[in-house]
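# No letters, just coordinates:
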């Protein structure tokens, strides 16, 4: 059995490690925090930052294959390791494209894939049309690194970092799909799901699987996403986020070169989870079946605003009494406002009922912290 | 979140720890082997034998609740810990009854539950009727501690240990069910499954879920098993093994006070696995849904006869190409003939097809060891 090295030890690293340990792989994780979520599961941890070349090299030394759970890592060292013969999935070349949102869009557009109108912007003062979305080219996550500029007055809120601008899409729904692709080009595609974002935080809050859309549109979205991963020659597991416009157009918003929040539901709701699929792909094993067993809704458990410190869970007993519910806590030492602390997946005979129940859970289950209410 | 202590670090401990870690619990495991399967997952391990009182006490000290993955442990110390106020599920009183197969049968019979005719036997020479099954009162597992005595000539093979004898049941099928029961008496019952034993090894080889039996018989078996767990006032997760006789009678063969091999399929095939169910029960959380999502067959991966040493897996790539298959390897440092090294669960639209595919896997997937073929 191959030894697996995971760069990044957050919840995606933890759940990937869980899938790997179930199959008996030896797992080492690289993360700066000794008590990171994945460290609780992995066989070993190298404590170090994801831009420290020597730490990445140390991980490569004890691993037969490397993968990552986050885009914000040292691509140059990964490229060197790749050139020296180390196996890294997805490849550093793909990561480099995806890591820079502008390059990503340019490559997608060049391959004929539908994306929102976009442009590089060096000087925001030259902007003449509004509203637009400004996105940091690198380093954004969980709604950070994205700002909507509705008028010139909003320019004071603009990101002061290399960025791109996109047309603000008046979308009907935000869709996503998980696609796994092997070194020989086989693909496993999961159902198209619907991402529901919280108005206030701009964080994806609830994921509904499958998306409540016309099958023709679902098929179109699936084809576009598959084409995107093929164009990139991506090997690994990818989350493809898309907009469904009010005119029925499907546009690619963003691609993540790793298991994706919108695919957490696959752990309980599909035959093979996105995490097991990743482990299969990178270890050279065949893809598993991606069938959806039952409709599912997923709720991200975010740190309650106003609290910080070791987490205290409120309403767990009441929430877990709801039939069909599975509870995941990521083992993060401290909660912070809106930090992803865990998630809930709810399987039900109908998606409507699953969504209704998960809305109920949202009101019941709170991640707070003892004696550490933050004053604003 | 409560701290969980698991007595025994084999595969059942590992899979229980996996369920606990998914939910964010802190897990300590007690096992004599530092590299035991559960040690790869648990937060901490106490290295010690399961009959060492001070080690059990050390585990209790760092845990809010104790459970166990094996019956062969020091009940006296558990009783003392229980009396001192420690929470232990299932209770040491239940464990003590189940641990001794004769006592177990006596208690079941006293509660009006159907069991095969049995008797205590002090002197095997007094046996007058054959065939019978001789069972060691304590310590048996995986077919060990059970001998069929077909005639007086077989007495040379009899177990030289305190034992009981049972009538040899000419059964049609061996059935099993997983039942979870909470401190307040709620129960979650899984489907009745069918256990298929290998003729040569007497080890349960394949489990088919659900059992291919009449629904009236399934309901009867479910009621008997529920009544048995209620009679014992059992709190935890229990595997109840039953015989279905050719006359349609259901007789209890044995009860295990822990997650059971016949319930491994619940990880992929049910909404809540038997392992998550155990963690929910012992931590005072409500029971999860035990619905079967899709028919499933489970195959135990046993160490190939003739091999011993660090395991080498043959046919993994070919096996994992079969759609619907999930692979579990237990992280045991060494394989031995017929040792349980892992398991496969196969989900399919029809049970017949799942069984056919798992028979195929049985021919493909072999756990061997490099350069260590044993000569007999």
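Perfect, thanks for sending it. All values derive from a computational prediction rather than experimental measurement. Numbering: from 1, shown residues only, chains lettered A, B, ... in the order given.
# mind checking pLDDT for the residue lying closest to residue A:161 once chain neighbours are set aside?
Nearest in space to residue A:161, with sequence neighbours left out and distances taken as CB to CB, 6 or more residues apart in numbering or on different chains, is residue A:136 at 4.9 Å. (Each C-beta comes from the backbone N, C-alpha and C, glycine too.) Residue A:136 is assigned 93 on the pLDDT scale.
# which regions of the stretch 251-376 of chain A sit below the pLDDT cut-off?
A:372-376 (pLDDT under 70).
# What parts of it come near chain B?
Residues of the stretch 251-376 of chain A lying close to chain B by CB under 8 Å from any CB of the partner chain are A:268, A:271-272, A:276, A:280, A:284-286, A:288-289, A:291, A:293-294, A:313, A:316-317, A:320-321, A:323-331, A:342, A:347.
# that older thread, pretty sure the residue nearest to residue A:161 is in contact with residue A:158, am I right?
No. Counting by CB atoms under 8 Å, residue A:158 is not a contact partner of residue A:136; they are 10.5 Å apart.
# neighbour-wise, which of the two wins?
Just comparing residue A:136 and residue A:158: by other CB atoms under 10 Å in any protein chain shown the higher neighbour count belongs to residue A:136, 20 against 16.
# In the stretch 251-376 of chain A, which residue sits closest to chain B?
Using CB to the nearest CB, residue A:329 is the residue of the stretch 251-376 of chain A that sits closest to chain B, at 2.7 Å.
# mind pulling up the phi and psi values for the residue nearest to that residue when sequence neighbours are not counted?
Leaving aside its sequence neighbours, residue A:329 sits nearest to residue B:24 (CB to CB, 6+ apart; 2.7 Å). Dihedral angles of residue B:24 (phi, psi; degrees, to the nearest 10) stand at phi 90, psi 10.
# show me the contacts for residue B:24.
Shown in contact with residue B:24 (CB atoms under 8 Å, 6 or more residues apart in numbering or on different chains): A:328, A:329, A:330, A:331, A:342, B:1.
# next one: residue A:54
By CB under 8 Å, 6+ apart, residue A:54 lies in contact with residue A:48.
# Helix or strand: which one has it?
Residue A:54 is part of helix A:53-61, with elements assigned from DSSP states H and E.
# Could you identify the helix or strand that succeeds that helix?
strand A:65-68.
# Look up the closest residue to the most centrally placed residue in chain A, ignoring the ones flanking it.
Using CA atoms, centre = their mean, the residue of chain A that lies closest to the mean C-alpha position is residue A:260, 2.9 Å off. Once flanking residues are discounted, residue A:260 sits nearest to residue A:239: 2.4 Å by CB to CB, 6+ apart.
# And for residue A:321?
Nearest non-adjacent residue to residue A:321, counting by CB to CB, 6+ apart: residue B:286, 4.0 Å away.
# mind listing what the residue nearest to residue A:260 touches?
If a contact means CB under 8 Å, 6+ apart, then residue A:239 has A:176, A:177, A:178, A:255, A:256, A:258, A:259, A:260, A:261, A:262, A:263 as its contacts.
# for residue A:150, same thing?
By CB under 8 Å, 6+ apart, the contact list for residue A:150 reads A:130, A:131.
# Could I get the full set of helices for the stretch 251-376 of chain A?
Secondary structure of the stretch 251-376 of chain A (DSSP state H, counting those that start in this stretch): helices at A:266-269, A:274-282, A:316-320, A:351-364.
# could I get those helices as a markdown table with mean neighbour count?
Below are the helices of the stretch 251-376 of chain A laid out as a markdown table (neighbours: other CB atoms under 10 Å in any protein chain shown):
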| stretch | mean neighbour count |
| --- | --- |
| helix A:266-269 | 26 |
| helix A:274-282 | 27 |
| helix A:316-320 | 19 |
| helix A:351-364 | 17 |
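# so which of those comes closest to residue B:76?
helix A:316-320 (33.5 Å; CB to CB).
# Residues contacting the closest one, please?
With CB under 8 Å, 6+ apart as the criterion, helix A:316-320 contacts A:325, A:327, A:344, A:361, A:364, A:365, B:280, B:284, B:285, B:286, B:288.
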